[in-house]
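Asks: Predicted structure and sequence below. I'll ask about it afterward.
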Amino acid sequence: MLKSKTFVKKTRSGGVMKVVREHYLRDDIWCGSEACTECKQESTVLQTDACIESSLCSYPHYLIPDTNVVLHQIDVLEDAVIRNVIILQTVLQEVRHRSAPVYKRLKDIIHEKEKHFYTFTNEHHRETFIEREPGETANDRNDRAIRVAAKWYSQHLKTSESDTDGLKVVLLTNDQGNKQKAEESGLLVYKFEEYIKSLTANPELVDHLALSNDNKITSSKVLFPEHLPLSRIQAGIKSGSFVQGTFRASRDNYLEATVFIQGEGEDSTEILIQGLQNLNRAVHQDVVAVQLLPRSQWVAPSSVVLQDEGAAKDDNVEEEEEEKAVIIAARKATGKVVGIIKRNWRPFCGMLNVSQIKESTRHLFTPADRRIPRIRIETRQATTLAGQRIMVSIDGWPKDSRYPNGHFVRSLGGAGEKDTEQEVLLLEHDVPHQAFSQAVLSFLPKMPWAITPEDMVRREDLRHLTVCSVDPPGCTDIDDALHCRELENGNLEVGVHIADVSHFIRPGNALDKEAANRGTTVYLCGKRIDMVPELLSSNLCSLRSNVERLAFSCIWEMNHEAEILKTRFTKSVINSKASLTYAEAQMRIDDTNKNDDITKSLRGLNKLAKILKRQRIEKGALTLSSLEVRFHMDSETHDPIDLQTKELMETNSMVEEFMLLANISVAQKIYDEFQECALLRKHPAPPPSNYDILLKAAKSKDVAIHTDTAKALADSLDGAKVDGFPYFNTLLRILATRCMMQAVYFCSGMDNDFHHYGLASPIYTHFTSPIRRYADIIAHRLLAVAIGADSTYPDLMDKHKQSALCNNLNYRHKMAQYAQRASVAFHTQLFFKSRGILNEEGFVLFVRKNAIIVLIPKFGLEGTVFFDSKDKVTPSIVFDEEIPGVSVPVPDAEPQAKKPKLDR
């Protein structure tokens, strides 16, 4: 049966177009129940014996949840107890429209055979399709469609010839109006919460319930201003009275945040938000509407380190704000949150703070991420969950509640356990770490794999060259290899050979999509989360020694002053003659007795690299510093047994110089060929205000730092030395690193500022690490098309799709960096766990009003030392915001020394 809808719509040119939409209705859509004999179905999903122990429903039954139940109670629906559920097409479509993450989770449940979730296409079934009535809202029509389908199922199962043994259909809803209408239609209907509480054999499910509006944990006192409705917000943004931006909570002060407002092109501004009332229930990464306060109410960023200790009082910072108002020059544009445009809530990892009240089911949960507020949850498992890392979801944040309300999702394991903490940091940093699916693995080459004659026809044979790789110890994903040889004309030929990953990962397949989503390989201490399956990363694409491998080569002809005379790119086949570590390569270069081809190649490369580095630094490239530590692991327990800061050798710099040169050469080539869709990487110059911490630190030792250009900064850092304080220069370089902006990927057709500030290069991309970075795979594809070695495809030439891809890659790279730092921090804690008190040299990096941030270079450790603690009298401290610094009057008598609190 065919139904059609006809309507007219206005075209862009002002004309009128008649649109006819056809909607097919069928009689052959089956119910999916194995108890049914009427439907001519080959396979069934819903079981005859659909029993679950319930005090409300003692008979076998199927469940039909409405849209809001699926959207808000997906954590419960995922539980193994909930089976034999009918998901209506109406519900599936609404969920897809309203929440992509929930839709994906629902589809995953439907694919789990043991869950027995059946999708019924009620919108195309002749007896369950309904038209929208005049004056009826889309929401009311959908609710009615759900009731009609539930009614059809009830009657259909009753009229089935076989004995269905009292099999019934239960509609689950949280909408009082929908429930009432369903009851009037004679349907069996319960509120979702009511039904879950009736499952006497599974009381733990109650903890997973998202709190409904009539069961919120609130107080009678209104603590926050009302959020404005979306219509008011949109009108305010249009008129300019409000601005829209991303809410970024502070790690150091829970009463402070900034709202990042993206302007046209590169322009962006930040608005400071201070105080509970002004923060107004916004959570980190929410998209919010902000109203600027009058200039007289603008404040300076707080110099206090403040963590939410859960005080009962409504945290009031008015006194503090009065103190801060002294320095008018330091004031920033300040505003207040007036509404939420988009919540960016996700399940959060953390610990339960068990209530002091005995028998209480209400407890506070403290997230691992300090930027997330504490969450109030209800659970009957508090004693079990104490001391465990758990996941909690936020359900809402009423205006009369000091904290958001949420519900328990699942336990991850005991706090402090290595596997648990690793899982926490992967989840918290949104690192995709599940095993590669069969769909992804199906696109891998079949083993045994070998280079075919067809491959050789399209490639240059470079197997005779003395190519070698230089990497950190234990590296199995070798992306790059190098060679250097003297030509007959006296010039040098230098080659950078990169694993040809794009040969194995073809555009648009499941393997390609997975790599694009992951974006990067994540290196944790003792563990690697690969971007591509191990067969590629550690075998077929890894340029190991003495095996033939496919490569993409960038080859220059240079003179002995490292001037490039010719550049060419080619797909190739290589056979690496040695896989060396940085230390092994360094020893070969330094050993005067060695004079083999590999060593001669390394010496040639090293000599040229020194010239290239000098040239870069003369142009204004920065040499900054960040502390990196390496752990030596116990081979059996995998616990850290030694820790040392990484030493950089000449060979580190040698490899880096040629990788930079290859990246710059490829960037220029792909931009020349594809000006609208080249994937490039830029590093914006920092705004002058970013340098405040660096300038103040230098000024404290009477050292002048110039920040007008990258060259001026590099030169003044080179000259910044203090007698008797050799580490001062390194400290300044560490601070300078923190002043920098993040380097980002972008599409050349969507931007006009290509400059890389840190490298002092007008253009740059990533080409040299395609095993571990997806951006490099795109650069390979663009370069292959540019030299006629491969064919193009639509998405590669679509600048909007390239730009969206860049956004994901930038996000994944940032999260990978944070996850790596968190892993180092955790392993550092493990290392110190059994070592008692150690005396080491430390340096004060920053001074706050109530704390100092201390760096211990030997261990790359940074922590906050608070001046005050619960068990001692706070000394009288004078804070000077200008320096910033603190001074302590000399006490009459020397007090007993106590260990300072080191809070990581």
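Replies: Sure thing, it's come through. Numbers count the residues shown, from 1 in each chain.

Asks: rest of the way, CA atoms for contacts and neighbours
Replies: Fine.

Asks: Please, where are all the strands along the stretch 151-300 of the chain?
Replies: Per DSSP state E, counting those that start in this stretch, the stretch 151-300 of the chain carries strands over the ranges 168-173, 188-191, 243-249, 256-262, 268-274, 287-292.

Asks: typed the wrong thing, it's the stretch 351-500 of the chain
Replies: 362-367, 375-378, 388-396, 405-414, 460-461, 468-471, 480-486, 492-499.

Asks: Which of the ones you listed sits closest to residue 349?
Replies: Shortest distance between residue 349 and the strands of the stretch 351-500 of the chain, using C-alpha to C-alpha, is found for strand 388-396: 4.5 Å.

Asks: residues near residue 193, how many?
Replies: Close neighbours of residue 193, defined as other C-alpha atoms under 10 Å, add up to 20.

Asks: same question but for residue 790, I mixed them up
Replies: For residue 790, using other C-alpha under 10 Å, the count is 17.

Asks: was I right about it contacting residue 781?
Replies: Yes - using C-alpha atoms under 8 Å, residue 790 is in contact with residue 781, at 7.4 Å.

Asks: and the strands of the stretch 151-300 of the chain as JSON lines, adding distance to residue 374, mean pLDDT and mean neighbour count?
Replies: Converted to JSON lines, the strands of the stretch 151-300 of the chain look like this (distance: least, C-alpha to C-alpha, whole Å; pLDDT from 0 to 100; neighbours: other C-alpha atoms under 10 Å):
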{"stretch": "strand 168-173", "distance to residue 374": "29", "mean pLDDT": "92", "mean neighbour count": "23"}
{"stretch": "strand 188-191", "distance to residue 374": "29", "mean pLDDT": "92", "mean neighbour count": "19"}
{"stretch": "strand 243-249", "distance to residue 374": "13", "mean pLDDT": "92", "mean neighbour count": "24"}
{"stretch": "strand 256-262", "distance to residue 374": "15", "mean pLDDT": "88", "mean neighbour count": "21"}
{"stretch": "strand 268-274", "distance to residue 374": "18", "mean pLDDT": "87", "mean neighbour count": "20"}
{"stretch": "strand 287-292", "distance to residue 374": "20", "mean pLDDT": "93", "mean neighbour count": "24"}
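
Asks: so when I look at residue 118, I'm seeing a helix, right?
Replies: No - according to DSSP: H, G, I helix; E, B strand; the rest coil, residue 118 belongs to no helix; its state is strand.

Asks: right, and the helix or strand after the longest helix along the chain?
Replies: Secondary structure assigned by DSSP state H gives helix 799-832 as the longest helix of the chain. Where DSSP states H and E defines the elements, the next helix or strand beyond helix 799-832 is strand 843-847.

Asks: Okay, now the sheet partners of that following strand, with direction.
Replies: Strand 843-847 pairs in its sheet with strand 851-856 (antiparallel), by DSSP bridges.

Asks: now the strand it pairs with: mean pLDDT?
Replies: Per-residue pLDDT values over strand 851-856 give a mean of 82.

Asks: Could you export it as CSV, CA atoms only?
Replies: Coordinates of each C-alpha in strand 851-856 appear next as CSV, following Å, rounded to 0.1, in the frame of the first residue of the first chain:
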residue,chain,number,x,y,z
ALA,A,851,50.5,27.7,47.6
ILE,A,852,53.6,27.3,45.5
ILE,A,853,54.0,25.0,42.5
VAL,A,854,57.3,23.2,42.8
LEU,A,855,59.3,21.3,40.1
ILE,A,856,61.8,18.5,40.9
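
Asks: hey, what's the closest residue to residue 481 other than its chain neighbours bridged with?
Replies: Leaving aside its chain neighbours, residue 481 sits nearest to residue 469 (4.2 Å; criterion: C-alpha to C-alpha, 6 or more residues apart in numbering). Each beta-bridge partner of residue 469 is listed here, defined by DSSP bridges: residue 579.

Asks: is it true that residue 469 touches residue 575?
Replies: No - with contact defined as C-alpha under 8 Å, residue 469 does not count as touching residue 575 (10.7 Å).

Asks: helices and strands of this protein: which one bottoms out on pLDDT?
Replies: The helix or strand of the chain with the poorest confidence is strand 902-903; it has a mean of 34 (mean pLDDT, DSSP states H and E).

Asks: Tell me which of the strands of the stretch 351-500 of the chain lies nearest to residue 590.
Replies: That would be strand 468-471 among those, by C-alpha to C-alpha, at 15.3 Å.
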